[in-house]
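Engineer: Predicted coordinates and the sequence they were generated for:
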Amino acid sequence: MAFAIEKRAITKWLQMLLESGEVIAPVRGPCGDILFSTIHSPEQVAWNFQNPLPPPKQFVLPQTDPLVTIKRNGERYEVAPTYDDTRRILFNVRSCDAKGIAFLTRMYEMEPADASYLRRANNLTIISLACNIPCPLGFCVCTGSGPFLSDSYDVQLTDLGESYLVEVGSEKGEAVVSGVPNLFRPATEDEVSQRKRLETEAKNHFEQETCHFASAMRRISTGRVQDALWEKMSDWCLECGGCNMVCPTCYCFSVKDLGRDGTWIRCRMWDSCQYAAFTLEASGHNPRAHRKERMKRRFFHKVSAQYYQRDAMVGCVGCGRCIKVCLGATNMPAVVGAIRKGKWNE
Amino acid sequence: MWGERVRQPLRRRNGKPESVSWDEALDHIAGRLKALIGAGKPVGVLGSPRATNEENYLAGKLARAGLQTNNVDFSYHSICGPLFAGLEEVWGEHTPTASLCDIASSQAILLLEGNLAETHPRAASSVIKAVENGAHLVTIGFRSTQMARRSSLHLQTTPGNEREVINGVLAAILDQQSEDPTRVAARGEGYEALWQDVRSVKRTDELRQAAEWIARAERATFLLACSDGQGDQPREVAAAFATLAAITGHLDRPGSGLLPLLARSNVRGACDMGVIPERLPGYDPLDDERARQRLQNLWGKKLPLDRGWGAENLLQSVSGLIVVADDPPSVVPMGRRAMDAMAGIEFLVVLDAFVTPTVRIAHAVLPIASFAETEGTLTNMEGRVQKLRTATNPPGEARMGWRVLAELCARFDIGNSYTSATDVLCEIAQAAPRYAGIEQRLSEDGWGGALLEDFDSAKFVVRPAGATRGAALASAGRPHVLVRDVAFDWGRDPLVSFSPTLSRDYQSERKLFPNGFVEMCKGDADALNLGGGRHVRLASVHGDAVVPIRVRADLKPGVLSVPYAFRDQVASVLGTDSVTAVNVEPP
Amino acid sequence: MNDAFLPDVARLVNVSDETPDTKTFTLRFRDLKNGGDFHFLPGQFLELSVFGYGEAPFCIASSPTRPQTLETTVRRTGQLTDALHRLGNGEEVGIRGPFGNGFDVEVARGKDLLFVAGGIGLPPLRSLIWNVLDERSRFGKVTILYGARTPTDLVYKRELEEWGKRSDVELHVTVDAAQPGWTGKVGVVPSLFKKVTLHPESTLAYVCGPPIMIRIAVQDLLALGFKEEAVISTLERMMQCGIGKCNHCAIGHRYVCRDGPVFNYGQIRELVE
């Protein structure tokens, strides 16, 4: 059962959401760039925007995430977990980002589950905005994560011109559209067909084509990618770790106790599998000492059948951020294309 | 444990550092320095490429107007100074004529490098974009680096003979220009003499190809890394490189030019702010009358005329020294000897955010804010002035560096009522003509900063090629060459050492080899019957040393390199040279 | 939901020197967060916090048949282990765990067991050895082959003597290089294979030690007729979380902290680096 809401009623809805928790939305900053930020008024929400480079994953997985406090008390140490039970609503995220968070949640739910992450995820409601016009660098059609979603959202909005189609995908989604009967009405048949039409049009609209995932997956999973190819590709990588930072599905981290003088906070911090010391052991031995080995690792994690089977999801949401951020030339479409062809495009 | 920050002003009493108040620290410092000056003892100030323009400017002002000395420098200057001198010989400026964007849209790139991907990833990124778009990349260097592997052509050198290779390209270019006079883009004074010089240089197919690409390109960029070679070599290499850019017409063509690759964030700014013994703010020569007048009016003080000492001499000669945001022993080529020299300074004051080895031996320490906690500007290697905006508060009682230096200036009667870093910048705009109007431009611009209008002259002087056959370093008795690697060891940067994630990277090598190592190729190691971690004895004309080796894939046979950070371990072998012939054998 | 990163606080109740750079720490929980006993399998590991320095994974060297004595043997290699070595009795550390799959003790019942260890590779096997010795009748022949670089580097010297005296254990100890006073064998650990009679079809072999020793030992065992599933080892990797999330210990899609650290040789061969 789909609903609809008139565009002029959105402000009221946002006001209601603002009363129920922290609302995070894309916001245009003073220099014109868009960032996902906490909003205080409905006017701050951006509606026509290019997806910002930082994804919204920091709201479930902060870059520096406090987990445990440790205090020295004379001879004794006192430890306590830190809790983040804040109720949050992510508003106007794109399909790829909604799928990205769903992926992260799948990772952290796996036994043994991570309570710290799940506390945030369970208290997060995702209201996504489908992409009528795909972004220039995106390739979500190839990864099943857009431009329109059929799952992984609590509410999915589609811009129909005068109104938004409102699809509810979960109980949490139900909760944010109920209690305000005057704002939402059942969608008309026209509206529903318009939404379907918009999805088809959007799918036909892609500039970036990388539907080589299946064949690349086969090759990676069966060890048929030549070492020489990894070596060559790794020469186009500058190990900046940018891809890991902006990727909605990257979640590698380090754990460090930060602090001094008897008070520490054990924090989880984003890490990059591309950094030289990612697998460095205390003895000095490093199983992935060479850049090509680390690159191979990254793409095995994202694209292999072994992981796909384990996760029941592809490790990439086709958002195109790695294309934008890469200081070198080793973004997902380029590497996947090279794996499929067996050679790097030069 | 994760990186000690300096949190309180400290004063050494009875050999131990004690926390004191800001006022006590500042008064004490001013008092001691005045006493030294009164007793006729030399004092000096070291600025830093890690410091902001405002900090460097005020450090220079304090030195010249306050302490009345021209003993002002920054430790990295001994490495970049020769490069600037070389450029100045050719077109009278030390400034670049190309920007990072120009690199990305170039059709030909000539790169003289140590390891660009490691030392300048941002510039490497631009090079990669250009190559992706079909640009011809020609690399010159002794390592087979990441850029060299991606190049269209790699001109292999052995350490010390870069000049030969550049002369070779020059010769090939001149050949083309003589065959087709329409291709002569520009003649500078000295062109004919150069032609004569390179007559005997051997032209190879490779050199001809490189020349062809450069000459045919509408947009070509020339990238030059600082080398800290010995004697006049670095300056001459820079001059030759600049000459190449000039005679191919690429010096001043839009989209083309030369970009010197500097280390750290604010080398260019430090030079512009005049923390150099023979330069005033604005990079004007010390004895330039107009510049002296300008500054004397601005600062209200007469300025000393005697030339000051450079960094390495400073460390060994002054009785009182203020060091701003730097750890000289980790930067200057003399390495550990700098630490020994500093131990002899009667009164050493350090302003820093982190506890460095220099901080540990200082008599007074003033805690300042890091880049994320301060206001100010930096000028990058392109000549782009960028603003720092405070993101967080400094710990403890640390203050913004410009404020601390302003307080010191005030105690030497050259204060001013600066209420913000912008006030300092406005004064800089008056002191350094290139920076005129900068504060206005920065407030209008978004994140991109403001590119200083640098290059406006098409006149250049063609440098002679000099000796076109370098004397071979290696000999029968010493068939290998040991070179001190120029790749700047940013692993010593406190912001890297104290970062929980990045420090693991850099410290990995130190853990296995706490006393450093030298690197050689596998072939050489096998010939000696040694594996990585084993020791060798290196013997040169200066002396010998026993050091562990590591195998490094990008070196050619016969070449050993020592990372800059480990130069002390082979000081007895290198002497004051940066490259020397050695005999290598098992210990 | 358990807070996976919250350590329990434990006290050191005994610290003994094994070698100049290795110590064995006996730990007792101050207050377990679950209130109950600490249950673990041999071969599992702990994430041990030295407060103020950080956390690192260490295998449990004691057996679950002796729950009052939780032990780990640690070599001093870096900042954290250095700090740990400076702690004394009564001082507190943090413990998370137990993590990992541990050894499958059930599948070993009734079989002959061969333990092959080198240097600091003995501690992870020790938890299984004592488990077996404490339930001796449920297992077949027990053979222990152990060696270190020098006599000083042998760990558990007193226990080695004890095991050597038992009639239900065949023990051979060797060193790479002798020292004055050493009357035992000299040679690498794999050289001990020819000293024992092995029945590959009814034996499980557990191999732990420096990579090169493991490689040679495994080669020799396979040549002797051992099946790949019967040759078992533990893998070591850089770890941070211990719960299969941070990805530091991932090899292909396997996580050493969750799918290991115990793997048989067939599984090891299939791992995608």
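Structural biologist: That came in fine, so what should we check first?
Engineer: how about the helices of the stretch 1-150 of chain C, start to end?
Structural biologist: C:79-85, C:105-108, C:122-134 (DSSP state H, counting those that start in this stretch).
Engineer: Determine which of those approaches chain B most closely.
Structural biologist: Closest to chain B of the helices of the stretch 1-150 of chain C is helix C:79-85 (Cβ to the nearest Cβ; 7.9 Å). Just so you know, the C-beta spots here come from the backbone N, C-alpha and C atoms, and that holds for glycine as well.
Engineer: Is any residue of the strand ranked longest in chain C near chain A?
Structural biologist: If you go by DSSP state E, chain C has its longest strand at strand C:8-19. Yes: interface with chain A: strand C:8-19 contributes residue C:9 (Cβ under 8 Å from any Cβ of the partner chain).
Engineer: Name the residues that touch that strand?
Structural biologist: Strand C:8-19 is contacted by residues A:76-77, A:79, C:23-33, C:70, C:73, C:75, C:87-96, C:152-157 when judged by Cβ atoms under 8 Å, 6 or more residues apart in numbering or on different chains.
Engineer: returning to what we had before: okay, the helices of the stretch 1-150 of chain C, which one's buried deepest?
Structural biologist: helix C:122-134 (a mean of 23; mean count of other Cβ atoms under 10 Å in any protein chain shown).
Engineer: Residues contacting it, please?
Structural biologist: C:42-43, C:45, C:59-66, C:72-73, C:103, C:105, C:108, C:113, C:115, C:117, C:139, C:142, C:144, C:146, C:155-156, C:159, C:163, C:166, C:169, C:206, C:208-209, C:234, C:261.
Engineer: Strands of the stretch 201-346 of chain A, residue ranges please.
Structural biologist: Assigned by DSSP state E, counting those that start in this stretch, the stretch 201-346 of chain A shows strands spanning A:253-260, A:263-270.
Engineer: ok, residues contacting the first one?
Structural biologist: Contact with strand A:253-260 is made by A:61, A:64-65, A:67, A:70, A:264-271, B:1-2, B:500-501, C:5, C:49, C:51-55, C:240-241, C:245-246, C:248, as judged by Cβ under 8 Å, 6+ apart.
Engineer: Only whichever of those are buried, select them in PyMOL.
Structural biologist: Restricted to buried positions by 16 or more other Cβ atoms under 10 Å in any protein chain shown, the PyMOL selection for the contacts of strand A:253-260 reads:
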select buried, (chain A and resi 61+65+67+70+264+265+266+267+268+269+270+271) or (chain B and resi 2+500+501) or (chain C and resi 5+49+51+52+53+54+55+240+241+245+246+248)
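Engineer: Can you list the low-confidence ranges for the chain?
Structural biologist: Went with chain A since none was named. A:207-210, A:346 (pLDDT under 70).
Engineer: Sorry, I should have been clearer: chain C.
Structural biologist: In chain C (pLDDT under 70), the answer is C:1-2, C:32-36.
Engineer: 80 instead, please
Structural biologist: C:1-2, C:31-37, C:273 (pLDDT under 80).
Engineer: Can I get the biggest strand by length in chain A in CSV, CA atoms only?
Structural biologist: Secondary structure assigned by DSSP E gives strand A:64-73 as the longest strand of chain A. Provided in CSV are the C-alpha atoms of strand A:64-73 (Å, rounded to 0.1, in the frame of the first residue of the first chain):
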residue,chain,number,x,y,z
THR,A,64,36.1,8.0,15.9
ASP,A,65,33.6,5.9,17.8
PRO,A,66,33.8,5.8,21.6
LEU,A,67,33.1,2.3,22.9
VAL,A,68,34.4,1.9,26.4
THR,A,69,35.6,4.3,29.1
ILE,A,70,38.5,3.1,31.3
LYS,A,71,39.4,5.0,34.5
ARG,A,72,42.2,4.2,36.9
ASN,A,73,41.1,4.5,40.5
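Engineer: Could you see whether chain C lies near it?
Structural biologist: Yes: Strand A:64-73 lies within reach of chain C by Cβ under 8 Å from any Cβ, at A:67, A:68, A:70, A:72.
Engineer: which one of those residues sits closest to residue B:222?
Structural biologist: For the residues of strand A:64-73 next to chain C, the residue nearest residue B:222 by Cβ to Cβ is residue A:67; the value is 50.5 Å.
Engineer: list the contacts for the closest one?
Structural biologist: Contacts of residue A:67 (Cβ under 8 Å, 6+ apart): A:81, A:82, A:116, A:255, A:265, A:266, A:267, A:268, C:3, C:5, C:6.
Engineer: which residue sits closest to it in space, ignoring its chain neighbours?
Structural biologist: residue C:5 (4.2 Å; Cβ to Cβ, 6 or more residues apart in numbering or on different chains).
Engineer: The one you found against residue A:117, yeah?
Structural biologist: No: Residue C:5 is not in contact with residue A:117 according to Cβ atoms under 8 Å; the separation is 10.5 Å.
Engineer: ok so, going back, and which of the residues of strand A:64-73 next to chain C is nearest to residue A:18?
Structural biologist: residue A:67 (28.8 Å).
Engineer: Fine by me, thanks again.
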